[in-house]
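Undergrad: after the sequence you'll find the predicted model.
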Amino acid sequence: MKTFAVIPAGGKGSRSGFSVPKQYLKFYSKELIVYTLEVFQKNRLIDEIIIAAEKPYFPLLKKIKEKYKLTKIKKIVDGGKKRQDSVYNALSAINADKDDLIVVHDAARPLLTASVLNNAISIAEKKGNALVCLKAKDTMIKVRGTVDSYLDRREIYNVQTPQIFKFKDLKKAFEKAYKEKFYSTDESMLVKKLGKKIHIAEGSVLNFKITTKSDIQIFKQLIKQ
């Protein structure tokens, strides 16, 4: 069984307020996406990396691959209009067996730890899939203009990535979604629509997605240390 890492990197990062997508911003002379890719390059459980990105950034990604010796990057494919399209394009480019594992991880989550990744892969190997999540710590509310209700935080989790599935299940989930003209913000929702149980793997506060300028400042401070 092989394990493929799919990195959707087609987002424009408009919420970060910068002129280039945030995954290509440099931090201490290294692009943000490099920090993410190195996590998978160094992990012995990952066999191949596939990146889905906008075509104008293909030359940069190829330079990054050579400069940082990211030998596990096997393909760079065209990203789609939405995340779902990007992941599907990458999935379609993979030569995988039905029970191979597909690890989908956001390009802008550069602080994924080896322990979180390894644990998620272990759960997926045993149970068929794994969704990395962080249990809610704060009081959670539902708002409709004003506070509508209070949610039981014992039942609330913040969804992160990676999200790991068997190739056959993820491919079937995408095909079903496109047939029904359904778009989701993540892969787990698509797989759950197949009737599959989604299994939880423990996440980390460090595994946050860099979206805003505040996130960027936090990331800079963390890697500086």
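TA: It's in.
Undergrad: which residues in the protein form strands?
TA: Listed in chain order, the strands of the chain (DSSP state E) span 3-9, 26-27, 30-31, 48-53, 73-78, 101-104, 129-135, 140-144, 146-151, 157-166, 200-202.
Undergrad: got a markdown table for those strands, with mean neighbour count and mean pLDDT too?
TA: The way it works is simple: take the backbone N, C-alpha and C, and place the C-beta from them, glycine included. Putting the strands of the chain into a markdown table (neighbours: other C-beta atoms under 10 Å; pLDDT from 0 to 100) gives the following:
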| stretch | mean neighbour count | mean pLDDT |
| --- | --- | --- |
| strand 3-9 | 26 | 97 |
| strand 26-27 | 13 | 95 |
| strand 30-31 | 20 | 96 |
| strand 48-53 | 24 | 98 |
| strand 73-78 | 18 | 97 |
| strand 101-104 | 25 | 98 |
| strand 129-135 | 22 | 97 |
| strand 140-144 | 10 | 92 |
| strand 146-151 | 10 | 94 |
| strand 157-166 | 23 | 97 |
| strand 200-202 | 18 | 97 |
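Undergrad: could I get these as CSV with distance to Asp215?
TA: Formatted as CSV, the entries for the strands of the chain read as follows, by distance: least, C-beta to C-beta, whole Å:
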stretch, distance to Asp215
strand 3-9, 17
strand 26-27, 12
strand 30-31, 16
strand 48-53, 20
strand 73-78, 25
strand 101-104, 20
strand 129-135, 15
strand 140-144, 21
strand 146-151, 24
strand 157-166, 14
strand 200-202, 21
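Undergrad: list the beta-bridge partners for Leu134.
TA: In this structure, Leu134 has the following beta-bridge partners (DSSP bridges): Asn158.
Undergrad: that one against Ala201, yeah?
TA: No. Under the criterion of C-beta atoms under 8 Å, Leu134 is not in contact with Ala201, lying 10.4 Å apart.
Undergrad: the chain: helices as residue ranges?
TA: Assignment of helices within the chain using DSSP state H yields the ranges 32-42, 58-67, 83-92, 114-127, 167-179, 187-192, 213-224.
Undergrad: thinking again about what came up before, quick one: closest of the strands of the chain to Leu60.
TA: When those are ranked by proximity to Leu60, the top entry is strand 30-31, at 7.8 Å, counting by C-beta to C-beta.
Undergrad: so how far is that closest one from its chain's centroid?
TA: Relative to the centre of its chain, strand 30-31 is centred 18 Å away, using C-alpha atoms, centre = their mean, to the nearest Å.
Undergrad: change the start of the numbering to 49 and stick with it
TA: From this message on, residue numbering opens at 49, which makes the last subject strand 78-79.
Undergrad: what residues does that strand touch?
TA: Contacts of strand 78-79 with the rest of the structure, by C-beta atoms under 8 Å, 6 or more residues apart in numbering, involve Gln71, Tyr72, Leu73, Leu108, Ile112, Tyr116.
Undergrad: and the second one, how many neighbours?
TA: Read it as Tyr72. With neighbours defined by other C-beta atoms under 10 Å, the count for Tyr72 comes to 19.
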